[in-house]
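Peer 1: Give me a model of this one.
(3 chains)
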Amino acid sequence: MRFVDEFREPGLISRTAEEIRRLAGTERHYRMMEVCGGHTHAIYRFGLKDILPENIELIHGPGCPVCVLPMGRIDDGLSIAQEPNVIFAAFGDMMRVPGTQGSPLEHKARGMDVRIVYSPSDALKLARLNPEKHVMFFAIGFETTAPSTALTMMRARAEGIRNFSVFCNHVTIIPAIRAILDSPDMRLDAFIGPGHVSTVIGCRPYEWIAVNERKPIVVSGFEPLDLLQSIVMLLRQLNAGEAKVENQYKRVVPWEGNRAALRAMADVFQLRPYFEWRGLGFISQSALRINDRYAEWDAEQRFKVPGIRVTDPKAAQCGEVLKGVLKPHQCKLFGRECTPDHPVGALMVSSEGSCAAYHSYEHRKAAMETSLTSIA
Amino acid sequence: MCLAIPGKIVEISSGNADSAIIEVAGVRRRIDLGLLQDDRPVPGDWVLIHVGFAMSKISERDALEQMNTLRMLGQTEVAIQEVQGYGLEDVT
Amino acid sequence: MAHGAGGKASRRLVEGLFAPLLFGTAPGPLGDAAHVEIQGTKIAITTDSFVVKPLSFPGGSIGKLAVNGTVNDLAVSGARAEALVVTYVLEAGLPTPILEAEVRAMANAAREAGVRIVAGDTKVVEHGKADQMYLTTTGIGYPLPGVNIDPRSVRVGDRILLSGPIGDHGVTILLARGELDLEADLQSDTRSVFPLVEILIQAAAPGIRWMRDPTRGGAATSLNELARDCGLGMVLFEDQIPVRDTVRGACELLGLDPLHIANEGQFLAVVSPEYADVALNALSLAPGGSEAQIIGEVRDQPAGTVLVTTLYGGSRIVDMLVGDPLPRIC
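Peer 2: Predicted coordinates:
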């Protein structure tokens, strides 16, 4: 696969890992946060932690749009879909996320018309093909995905398709990063910046992290060589006492972002004054709602939304894990009441949620290492 | 939010400039080019695809440059060490 | 619904509910087929149900799956299938040409696999049930001599063999449903694996510890079950696992792992190190076996777990599937 395989070349990966070990030395402990859930997933999928030295700690950030979605919003979306003749359409990622009455897939088993779509335009296509039904698209994602939702709604409007609406849960990345940096128990040295969000917003929005917070940030791609090269770049900055924004993912990310995508978002969305992030609480100006010009395609305007607020069980420490303050296994529910089979918090449901990734991956390896050292 | 794959544009619809077919390792899908209207790709171009939309054109030049940079890793160090070996530490 | 997908939930249902009530004090782990002794003669018997949407897809149809699936379950238990009986549960209103096509498909598949279909039953249920057609096939045959399939015989150092590329069937079905709008030149790998199993047995019978056909839940689920049953660890070498480019491309696009995708024409075998090379050699020279590979080996750690390693020293754990593999965008 072109533009993929080259960045997975084993020989080059080993060499880059060597360079990382050389730059990291043995004296200093480096704490780097990868903001984006896709990076978390890539780190586990490629087993990158195995080839990094002990003194580089990767902390998983809150950039997982499924993880930060409050349960109440899932309940709200599902309650809209209880209306007669409504088709609930969403990405595969959403299908197993539990609401208080069960996940979308569980609702499907009970008779709700639930469809998995790969693209918001597939949801619009469903609306075209089923004129006697109403298709409600449950939209999630950061700025990577929001422009596609926006453009789809522009198309719906242009074609006069009325049996289509969007339940919008798009959130923005910068306020999440701000919340991390504002957190008093957070100690971070640098950031691995979200690669695909940056194709839309560009690299400028991160400048305050370097200038005001004095933390280096490297916008990174998702292949093993991308992540490793980004770590090399961060180590060089940290060792030199520098703090700037760098773009490792140049082949895809334009420094200025994607104007057409930003225009589409501006046409359809506006910022909500505040939005609840699961585990992080209310954050102002951090999420998108559909503006009044597109009210007809806004599921929250077309339907009565219960506005259910669901508080997570006190024992669930999703917030601290999201912020990187706690490691997944330090949450009291981890591995006991909360497992991928029966998740309590969303960090255990999404495949890129830190808890699910840790449970499937690190947990048993850590146990293995413990048992090996106890034999020795 | 982040799963995006490079695909090659193999065909642009004659009736709709925003609709194209991409190919990834022999798999084809129709995608929307609406987000690249400021810099329209042509058949043969590689684009990054996320949820059925092209997000960005992939720069082959930047990709090659990145590979070269990676291949050079460690070699700069070797050169510096050689130079230092000649007692020329002050050169840098 | 997750209980049918072949992974964790299925296993819980079988082990927690069915086994204790139906099998009583059943000795040992559950296999693909049962070998029972009837008046001094050992026979092998198995049953399987087939539910697939769409009924027909590139490379096959439900009828073909129903024959090959049961033949394969017998094969990987070390037995030759001799006869099948089949049950049709049909949705009222199912067009006759569709039914006829499936019956023909079964007849063809049976002929190709060298089995006789000797009896059957039909039930019609009301419109809206049965997704057009559900099939069940029960197969009997006789165990081949010299083979003893038992996960408890697996040892550290044993090699894990795979007969060919994984992911073809599951991805074909996903694409054939049409919901994802992907097109690829791909077809189901459904076939009888008995000829290959027979060749493997001829070449390496004393060294064969265990075999399985990785259907629903994929190779990961089968190997996780083995790891659980024998208490050892399975380490797979990522670069050795055969996957077609198209399957890889579709999986990358959809965020799926080929190890979790269903196969209908492949099998896994765990073979002792002394016999592994001759086993692989025999398979790769046989028709339909040219893509066979040794994909990993059995280690004592991490116990009860399947680990996938890369050439550059990275590793990840591959768990049993929870429900169906779902495409993701994150």
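Peer 1: With adjacent residues omitted, what lies nearest to the residue of the stretch 51-200 of chain C found nearest chain A?
Peer 2: Residue nearest to chain A within the stretch 51-200 of chain C: C:L180 (5.0 Å; Cβ to the nearest Cβ). In short, each C-beta sits where N, CA and C put it, glycine included. If the residues on either side of it in the chain are set aside, C:L180 comes closest to A:Y118, at 5.0 Å by Cβ to Cβ, 6 or more residues apart in numbering or on different chains.
Peer 1: That neighbour touches C:L254, doesn't it?
Peer 2: Yes - A:Y118 lies in contact with C:L254 (Cβ atoms under 8 Å); the separation is 7.1 Å.
Peer 1: which residues do the two both contact?
Peer 2: When contacts are counted by Cβ atoms under 8 Å, 6 or more residues apart in numbering or on different chains, A:Y118 and C:L254 have A:G92, C:L180, C:P327 as shared neighbours.
Peer 1: Point out where chain B drops to low pLDDT.
Peer 2: Within chain B, the stretches with pLDDT under 70 are B:1, B:74, B:76-92.
Peer 1: at 80 instead, please
Peer 2: Judged by pLDDT under 80, chain B has its weakly predicted residues at B:1, B:74-92.
Peer 1: Which residue would be the closest one in chain B to chain C?
Peer 2: Distances between chain B and chain C by Cβ to the nearest Cβ are smallest at B:A25, namely 2.8 Å.
Peer 1: brain fart, chain A
Peer 2: A:G47 (2.6 Å).
Peer 1: what sits against that residue?
Peer 2: Shown in contact with A:G47 (Cβ under 8 Å, 6+ apart): C:T309, C:T310, C:G313, C:G314, C:S315, C:R316.
Peer 1: quick check, nearest of those to A:A158?
Peer 2: C:R316 (44.6 Å; Cβ to Cβ).
Peer 1: What is the strand ranked longest in chain C packed up against?
Peer 2: Determined from DSSP state E, the single longest strand within chain C is strand C:79-91. Here strand C:79-91 touches helix C:62-75, helix C:96-113, strand C:116-125, strand C:133-143, helix C:194-204, going by 3 or more Cβ pairs under 8 Å, 6 or more residues apart in numbering or on different chains; DSSP states H and E.
Peer 1: let's go with 6 Å and repeat that
Peer 2: In terms of contacts (3 or more Cβ pairs under 6 Å, 6 or more residues apart in numbering or on different chains; DSSP states H and E), strand C:79-91 is packed against strand C:116-125, strand C:133-143.
Peer 1: partner strands of it, parallel or antiparallel?
Peer 2: Here strand C:79-91 is paired, per DSSP bridges, with strand C:116-125 (parallel), strand C:133-143 (antiparallel).
Peer 1: What is the subsequent helix or strand relative to the biggest strand by length in chain B?
Peer 2: Counting residues, the longest strand found in chain B (DSSP E) is strand B:5-12. Next along the chain after strand B:5-12, taking DSSP states H and E as the criterion, comes strand B:19-24.
Peer 1: ok, is that following strand in contact with chain A or not?
Peer 2: No - Strand B:19-24 does not reach chain A (Cβ under 6 Å from any Cβ of the partner chain); its nearest approach is 6.7 Å.
Peer 1: what distance separates the helix or strand following that strand from the centre of its chain?
Peer 2: Counting by DSSP H and E, the next helix or strand C-terminal to strand B:19-24 is strand B:27-32. Centroid separation for strand B:27-32 versus its chain: 18 Å, with Cα atoms, centre = their mean, to the nearest Å.
Peer 1: Would you map out the domains in chain C?
Peer 2: Domain segmentation of chain C under automatic domain parsing yields C:33-143, C:151-317.
Peer 1: Strands of the stretch 51-200 of chain A, start to end?
Peer 2: Listed in chain order, the strands of the stretch 51-200 of chain A (DSSP state E, counting those that start in this stretch) span residues A:56-63, A:86-90, A:114-116, A:134-141, A:164-170, A:190-193.
Peer 1: can you put those in JSON lines and add mean neighbour count, mean pLDDT and distance to chain B?
Peer 2: Output for these, formatted as JSON lines (neighbours: other Cβ atoms under 10 Å in any protein chain shown; pLDDT from 0 to 100; distance: least, Cβ to the nearest Cβ, whole Å):
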{"stretch": "strand A:56-63", "mean neighbour count": "24", "mean pLDDT": "92", "distance to chain B": "7"}
{"stretch": "strand A:86-90", "mean neighbour count": "23", "mean pLDDT": "97", "distance to chain B": "12"}
{"stretch": "strand A:114-116", "mean neighbour count": "21", "mean pLDDT": "95", "distance to chain B": "12"}
{"stretch": "strand A:134-141", "mean neighbour count": "27", "mean pLDDT": "98", "distance to chain B": "5"}
{"stretch": "strand A:164-170", "mean neighbour count": "27", "mean pLDDT": "98", "distance to chain B": "10"}
{"stretch": "strand A:190-193", "mean neighbour count": "28", "mean pLDDT": "98", "distance to chain B": "12"}
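Peer 1: could you dump those strands to TSV with distance to C:V197?
Peer 2: Below are those laid out as TSV (distance: least, Cβ to Cβ, whole Å):
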stretch	distance to C:V197
strand A:56-63	45
strand A:86-90	42
strand A:114-116	36
strand A:134-141	46
strand A:164-170	50
strand A:190-193	48
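Peer 1: quick one, domains of the chain?
Peer 2: Defaulting to chain A. A:5-62+A:175-247, A:71-173+A:257-302, A:318-375.
Peer 1: The chain in question should be chain B.
Peer 2: Domain assignment for chain B, taken from automatic domain parsing, gives B:1-58, B:59-92.
Peer 1: residues contacting the closest residue to A:H60 other than its chain neighbours?
Peer 2: Take A:H60 and drop its neighbours on the chain: the residue closest to it by Cβ to Cβ, 6+ apart is A:S354, 4.0 Å away. Listed by Cβ atoms under 6 Å, 6 or more residues apart in numbering or on different chains, the contact partners of A:S354 are A:H60, A:V321, A:P328, A:L347.
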